[in-house]
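Student: I'll drop the sequence and a predicted model, then ask my questions.
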Amino acid sequence: MSLLSILIFLPLFAGLIIVVLPSSVREGYKYVALAAVIIQVLISAYIYLHFNGNVFTGIADQNKYQLVERLPWISLNLGAMGKLQIDYFLGLDGLSMPFMLLTSVVMLVALLASWEIKINLKGYFALFLLLDTAILGVFSALDFFLFYIFYELMLMPLYFLIGIWGGVRREYAAIKFFLYTLFGSVFMLLVIIGLYFSVTDPATGYHTFNMLSMMDPKNYVEGSIFSALAHNELFGVSARLLGFIVLFIAFAIKVPIVPLHTWLPDAHVEAPTPVSIILAGILLKVGGYGILRVCVSIFPDAAIQSAWWLGLIGIVSIIYGALNALAQTDLKRLVAYSSISHMGFVLLGIASITPEGISGAMMQMISHGFLSSMLFFLVGIIYSRVHDREIPHFRGLALIMPKFSAFIMIAFFASLGLPGFSAFIAEAFSLIGAFNSESINGLLPRWMAVCGTLGILLSACYFLWTLQRMFFGETRLFGGEKWKIQLTDVNAREVTALCILTAFALVLGIMPSLAFDKMNASVLELIRLVNLK
Amino acid sequence: MNEFTSVLPELIKNITTGMPHFLPEIVLIITFIVVILTDLFYPGKKSVHTYILVLTGIVISAFFTILQYQSSVNGISVFNDTLKIDRIGIIFKLLFSAVVILYALFIKGNTRMQNHTKGIGDLYMLLPGALLGLNLMAMASSLLMVYLSIEMVSLVSYLMVGYVSDGEKQSEAAMKYALFGGVCSAIMLYGMSLLYAFTGTLSLSDPQFMIRLAEMPQSVAAIAIILVLVGIGFKLAFVPLHFWSPDVYEGAPIPVTAFLSTGPKMAGFAVLIRFMEPFHTASNTSQGTPVFDFVAILSVIAISSMIVGNFAAIWQNNMKRMLAYSSIGHTGLILMAIIVNSNDGIKAMLFYLMMYSIANMAAFMIAGKIEERTGIINISSYKGLGKVYPLEMVCFVIILMSLTGLPPLAGFMGKVLIFSAAIESYSASNSLWMLSLLIVAALTTVVSLFYYFKIPLNAFLRQSDEVFIVKVKRDALSYISLILTLLLILWGIMPGLLI
């Protein structure tokens, strides 16, 4: 058992403990979960501190991954098809390590937000921890089959977490989310199997699900479906391009991109606060991470071929998300649309295939992970007190909730890209990448970067306007005096969670090198791999 | 009569040498007779003695089947090529034994059937007969044997479906099943007689069978083959011969439905493989045009089964009807593995069938238990049941996830194996049929999620309007379905334990 396996299966173990505990100790469940998540944060902090970003560049070389664990897992003799060999293969590089830390911290915050959950505690915490295991597994799996299993394993707990503890339209939101993602992933499975038959492990000569082998053109079987030399075509499209598109759509649904985003406002709005935090803070990043780890690394030729479209989708998401956010009257919906807009920068950065752009995209995912968690947490605070979050129903909240307002100002300003916070660095780097792309590799035209900048402007509009509408001026509430009493300021537990997130946003904004140093070498390695093609 | 005297000794010799290979079936025949006598004279309370005897007989027969496994690497033909004992057949036989044992346990746990005025002994009596028929289907290698074994299973099934005919619906189901089955087997018999007329042999393994058939005009041979496929299709319930299944599944007592959706269906696949075998050997050896294009016709059938089954299931509110349509969809998916026609395809199919039968049995057990305790038969009335039956409903959700094909469950591995076989076959042949099968299978997987998840949707996400005042007691069936669920998880994570 390596440290990584312990990290992944610790939550699952804690979840099983909760399942077998009798319901007489109902109040104890959350502390079991809390203990597990705190240990998880400590382990991932330890991993972060001991991670040497310059040595462990990862991407396509197993020796350059840290904490590698590779055990034969499923081995089926299939006669003519050879041997179905699936490894339990984990490892961390500069692309995945930051997400392990992000996941642990966001999970901690989400758990602190779970104190509001009052019904069916056993089921809730068990599913919560199962989800935790699945997410950590996705970020560390290097065998495509294992990756897929963890990837799908995330769906079921989320369905129930949204469906049982969610808002009024929870049934609709839960099944919509499930169907959207399953639609993407079923076709992903077909591509995975196709890749399996196209690639052999150089060491054993058998077909393999090893992602690292899939990144090396030398390992492709001559004439196989996804071999770059064979130029196979399916429906008149190059098979490799089609494979890239299918995988991209699967991950893009998660990101999400316009027009595959419609599940997100529903799911985010109907989910209970902790689940919204997880969805926005981590799950959207699974999409971005998947595009980098799988789409771009395994199909670099197709990635370059479609970079322009990726950039365009990014721009459309940025602008469309921001314009939609402007039009929302529900605070949670506003935050949900702002997520779509901010994740657009990730796509723009990736599409540029420049070191600045991809670093910016990584940074944007991490930064958005902290900031969107903070935003959803803050929305959750209001909602849990008065069960309303219509923007016009509140005015002058700054007078009755001064501490809360301070936090929301921090979150808003950080999200709109104020220098000194992580989002500024992230968006700046993504845009620099997009801007330089024309002169470096000619993939993205300059106007895309310009349009991206427009997105920052729009995000300032909707955040500042909301601030003005809800927090400034004389206190006038829809619920009158009753609400005034209910709207107490943030308590110690909430302050803890918010301070953690503020600290991360601020530290990464002032010292971005803390993140860049760890991932820079991996990003450069990825770009080298793409340019090799 | 005299003309036979010369061949008589050889015939007898053939029979006597075949006997040892027929041991599992002989055990079943003996069990069958003993069970009839016991149930007549010494049934015990609620025919408990009959029940125990049936189980013992089946276990002993399964034991002899396991013994056969080692010695039958290449397959042995016995009784003048009417039966063929090979590894695939033996795996099928073991699956049938497992299904019939689960079926017996299910009947035992179902109080409605236990308390029926008719008594339960006659139903137990049918089990060794059913298993015998299924085993023969798995081994049949001559057309006559195919027909006889299919009829044997059908007769037993007719009796079972009509066993507890309390109301109109049950009688209608039994009647419909018998009529539909009768017509289908008549059509099949007609097809067989045509084949016999064309080839002069009933044995599928006789080389003359293919040679003579190839000499016939293609359209004539095709008609005969399609007529035979009708009979097999009735057992498989693929589109367009699926009309009976939702009504019969709904009308039959729930343990019988569970049996019908697993045992005879699997046997149908076994027969289909046997029937297609000579055609494949012929197309592998000779260069000429194939006698019959199984790929095209089976692909059309598989695609329409997946589409019709899965989409029709969306609109079902009755639990049994929903499972009936979903099992039509599964038939389509499994047919895909047969179309691939390789060892991998067969292996994938066997794994999938095993997963499918376990999941279906367990699903019907839980549905049956809930029907019995609360009288609920509609999915929309499952509201709030998650709180009343937590263990059963959690198992139910896992079973349905396995049927959908979500990891890390056995259903997912089964799907992966079938997809792998199909993709491998596609990259070898570039056949457009394979590609469209794959795409339809992937799409209908998403569709199936929609209707399967109506159950957790109602059981867990919705609150019940009424308060259930039922005594929640876990009985043997709860634990059996729990064990089956755990098996689905175990085989999902460690499929290597099986293959």
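Tutor: Alright, I've got the coordinates.
Student: Can you name the residues that contact B:N360?
Tutor: Going by Cβ atoms under 8 Å, 6 or more residues apart in numbering or on different chains, B:N360 touches B:A258, B:S261, B:T262, B:L323, B:S327, B:L403. To be clear about C-beta, it is placed using only N, CA and C from the backbone, and glycine gets the same treatment.
Student: Turn the residues you listed into CSV, including secondary structure, neighbour count and pLDDT.
Tutor: CSV is the format used below for those (DSSP: H, G, I helix; E, B strand; the rest coil; neighbours: other Cβ atoms under 10 Å in any protein chain shown; pLDDT from 0 to 100):
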residue, secondary structure, neighbour count, pLDDT
B:A258, helix, 29, 94
B:S261, coil, 30, 93
B:T262, coil, 26, 93
B:L323, helix, 26, 93
B:S327, helix, 27, 94
B:L403, helix, 26, 95
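Student: Wait, a strand at A:L84?
Tutor: Yes - under DSSP: H, G, I helix; E, B strand; the rest coil, A:L84 sits within a strand.
Student: Need the pLDDT of it.
Tutor: pLDDT recorded at A:L84 is 76.
Student: Please apply the same query to A:M1.
Tutor: Model confidence at A:M1, given as pLDDT, is 67.
Student: Tell me, how many residues neighbour the residue in the stretch 301-450 of chain A that chain B sits nearest to?
Tutor: Nearest to chain B in the stretch 301-450 of chain A, going by Cβ to the nearest Cβ, is A:H387, at a distance of 18.0 Å. By other Cβ atoms under 10 Å in any protein chain shown, 10 other residues sit near A:H387.
Student: Just give the number of residues close to A:L529.
Tutor: 18.
Student: how about the residue of the stretch 301-450 of chain A closest to chain B, phi and psi?
Tutor: phi 50, psi 40 (degrees, to the nearest 10).
Student: And the strands in the chain?
Tutor: Went with chain A since none was named. Under the criterion DSSP state E, strands of chain A are mapped to A:66-77, A:83-92, A:233-234, A:237-238.
Student: try again with chain B
Tutor: Ranges of strands within chain B are B:76-78, B:83-85, based on DSSP E.
Student: For the ones you listed, give me JSON lines that also has mean neighbour count.
Tutor: Output for the strands of chain B, formatted as JSON lines (neighbours: other Cβ atoms under 10 Å in any protein chain shown):
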{"stretch": "strand B:76-78", "mean neighbour count": "18"}
{"stretch": "strand B:83-85", "mean neighbour count": "24"}
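Student: any weak-confidence spans in the chain?
Tutor: Just going to use chain A. Residues of chain A meeting the criterion pLDDT under 70: A:1, A:78-82, A:533.
Student: The intended chain is chain B.
Tutor: B:1, B:286-289, B:467-472, B:498-499.
Student: near chain A, which residues of it show up?
Tutor: Proximity of chain B to chain A (Cβ under 8 Å from any Cβ of the partner chain) is limited to residues B:342-344, B:347, B:401, B:406-408, B:412, B:415-417, B:419-421, B:423-424, B:427, B:435, B:438, B:442-443, B:445-446, B:449-450, B:453, B:456-457, B:460-462, B:494-496, B:499.
Student: hmm, try it at 6 Å
Tutor: Residues of chain B found near chain A (Cβ under 6 Å from any Cβ of the partner chain) are B:343-344, B:406-408, B:419-420, B:423-424, B:427, B:442, B:445-446, B:449, B:460-461, B:495-496, B:499.
Student: now A:F183: how far from B:S478?
Tutor: From A:F183 across to B:S478, the span is 35 Å (Cβ to Cβ, to the nearest Å).
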